[in-house]
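Colleague: sequence plus the predicted model coming up.
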Amino acid sequence: MVLVLGAGAYVGTSGLEDLLSGPAQSSGSSQSSTDLDEDVDADALFGASSELEALTIAELGSGDGYDRDQYGQRWADIDRNGCDQRNDALRAGAAEVTTKPGTHGCVVLEATIEDPYTGTTIDFVKGENTVDIDHVVPLSRAWQQGASSWPEERREEFANTSGNLLAVDASANRSKGDRGPEEWMPDAGRCGYVVQWIDVKAEFELSVSAAEKSALEDELDECEGSL
């Protein structure tokens with residue numbers, strides 16, 4: 001039996017019996033929770049602007065010593081919900097999800113992803129290279145802006161925190177690479193993207209470069225003008 005879940009749903013062992021007792025639920029074509037501009041209003045932009053002003057300005061470090069393994073276990077279940085962060089992020093970005101039997105609604109086999117970076121809809125199938133889980137603030141960039149001095153536990157938290165993860169079009173993500181907003185911005189959802197970028201930087205007290213801050217300020221000004 002294959003479970004079809006609504007967007008963002010996760011069924012732990014305690015809720016599985018109730019789900020199986022009735023018909024599978026589908027959210028149909030509902031809008032994804034990762035439509036980045038959906039919840040961006042004047043308050044969100046003001047908050048992001050205030051957070052940006054409070055960040056330390058420093059040029060990017062050299063990146064010496066960076067290695068992905070410095071960020072601990074990949075897709076660690078840091079929220080202790082019984083499911084890894086990769087599958088959590090896939091469900092959070094999906095309008096409809098089909099999960100693998102026997103995984104209590106965790107492992108995503110198929111999903112309809114509303115891509116926040118391109119504005120397109122992607123039919124995700126496990127094993128196909130159509131969707132990546134992006135670190136909004138890339139790990140290598142964070143390393144150059146403060147994370148190199150953190151303990152490994154803090155780096156593992158950063159690499160797996162849901163606020164820094166998005167299910168996105170694989171090509172767009174690979175085009176982005178480890179570049180910041182002064183060099184790369186998504187085609188869609190730019191206002192939400194800069195708000196999320198700044199929120200992550202503020203939460204983890206990472207620095208910003210002068211060029212990065214200027215690009216973020218320009219985007220915030222454009223977003224405010226579009227309200």
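Modeller: That came through fine. Because the structure is predicted, anything quoted here is derived from the model rather than measured.
Colleague: quick one, grab the pLDDT at residue 189.
Modeller: As predicted, residue 189 sits at a pLDDT of 95.
Colleague: look up how far residue 54 lies from it.
Modeller: As for residue 189, its distance to residue 54 is 24 Å (criterion: C-beta to C-beta, to the nearest Å). Using the backbone N, CA and C atoms, a C-beta is placed for each residue, glycine as well.
Colleague: give me the more crowded residue out of those two.
Modeller: When residue 189 and residue 54 are compared on other C-beta atoms under 10 Å, the one with more neighbours turns out to be residue 189, at 25 against 10.
Colleague: tell me where this protein has helices.
Modeller: Listed in chain order, the helices found in the chain under DSSP state H are 13-20, 42-54, 85-92, 139-144, 152-160, 170-176, 190-203, 210-226.
Colleague: the ones you listed: which one's closest to residue 133?
Modeller: Shortest distance between residue 133 and the helices of the chain, using C-beta to C-beta, is found for helix 85-92: 4.8 Å.
Colleague: quick one, that closest one and helix 152-160 angle?
Modeller: For helix 85-92 and helix 152-160, the angle between their directions (axes from the mean of the first three to the mean of the last three C-alpha atoms, to 10 degrees) works out to 30 degrees.
Colleague: average pLDDT for helix 85-92?
Modeller: Per-region confidence: helix 85-92 scores 96 on mean pLDDT.
Colleague: before we move on, what about stretch 55-68?
Modeller: The predicted model gives stretch 55-68 an average pLDDT of 96.
Colleague: ok so, going back, what would the helices of the chain look like in CSV with distance to residue 79?
Modeller: Written out in CSV, the entries for the helices of the chain read as follows (distance: least, C-beta to C-beta, whole Å):
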stretch, distance to residue 79
helix 13-20, 16
helix 42-54, 23
helix 85-92, 7
helix 139-144, 19
helix 152-160, 8
helix 170-176, 23
helix 190-203, 15
helix 210-226, 28
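Colleague: quick check: which of those helices is nearest to residue 101?
Modeller: Across the helices of the chain, the minimum distance to residue 101, taken as C-beta to C-beta, is reached by helix 13-20, at 10.4 Å.
Colleague: for the record, mean pLDDT for that closest one?
Modeller: 32.
Colleague: thinking again about what came up before, what's the closest of the helices of the chain to residue 77?
Modeller: helix 85-92 (6.7 Å).
Colleague: so, low pLDDT: which residues of this structure?
Modeller: Scanning the chain for pLDDT under 70 picks out 1-36, 38.
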